[in-house]
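Participant: could you work out the structure for the sequence below:
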Amino acid sequence: MATIYLRVKRRKTTYFVEIPPTDTVLALKNKLATALSTQTEPKDMRLLVTSKAQSQQPNNQQQYSSLEDSGVLEQLGIIDDQIVYLVLWVANENNAAEGAWEPVDVPEFEPLNDDGAMEIVEPAEAKGKGKT
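Facilitator: The predicted model follows:
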């Protein structure tokens with residue numbers, strides 16, 4: 001059976017997950033629950049994908065569609081190397097049943113070196129010695 005690889009992003013972290021396309025969203029959440037260092041339950045996770053029907057939104061805000069736990073990945077159109085966003089339930093301090101889903105907060109990719117040129121730095125002890 002073939003597997004697909006997904007990039008699951010939350011804040012500044014990307015989880016690379018290998019999973020059969022015939023698995024459900026709940027199975028993916030269970031894999032993520034074991035990968036997270038916190039004691040997060042699958043019920044406290046929501047997985048989102050970028051909406052295919054992008055209309056011009058104010059402030060260029062991205063729109064997301066939630067993936068239902070019972071949905072099968074391939075039937076939902078999830079493909080190899082797709083980005084899936086993970087958000088967690090943030091419970092109210094006084095009542096865990098009350099709270100809200102955290103917003104999708106994934107920073108834009110920033111290259112390490114803007115001009116594309118690599119700078120080669122020689123160690124100080126090697127300067128002026130030539131090749132040996």
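Participant: so where do the strands sit in this structure?
Facilitator: Using DSSP state E, the strands of the chain run over 4-10, 13-19, 45-50, 64-66, 82-91, 99-101.
Participant: tell me which of those sits most buried.
Facilitator: Across those, averaging neighbours per residue (mean count of other Cβ atoms under 10 Å) puts strand 45-50 on top, at a mean of 19. No exception for glycine: its C-beta is placed from N, CA and C like everyone else's.
Participant: who touches that strand?
Facilitator: The contact list for strand 45-50, computed with Cβ atoms under 8 Å, 6 or more residues apart in numbering, reads 8, 25, 28-29, 32-33, 62-67, 76, 78, 82-89, 101, 104.
Participant: mind redoing it with 7 Å?
Facilitator: For strand 45-50, contacts defined as Cβ atoms under 7 Å, 6 or more residues apart in numbering pick out 25, 28-29, 32, 62, 64-67, 84-88, 101, 104.
Participant: can you check stretch 80-96 too?
Facilitator: By Cβ under 7 Å, 6+ apart, stretch 80-96 touches 4-10, 32, 40, 44-49, 64, 98-102, 104, 106.
Participant: same check on stretch 63-76?
Facilitator: For stretch 63-76, using Cβ under 7 Å, 6+ apart, the contacting residues are 19, 21-26, 28, 46-51, 54, 57, 85, 104.
Participant: quick check: mean pLDDT of it?
Facilitator: For stretch 63-76, mean pLDDT is 93.
Participant: mind listing what's buried in it?
Facilitator: Neighbour counts over stretch 63-76 (16 or more other Cβ atoms under 10 Å) mark 64, 67, 69, 71, 73, 76 as buried.
Participant: okay, the residues you listed in TSV with distance to Tyr15 next?
Facilitator: Output for the buried residues of stretch 63-76, formatted as TSV (distance: Cβ to Cβ, whole Å):
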residue	distance to Tyr15
Tyr64	17
Leu67	15
Asp69	18
Gly71	19
Leu73	15
Leu76	18
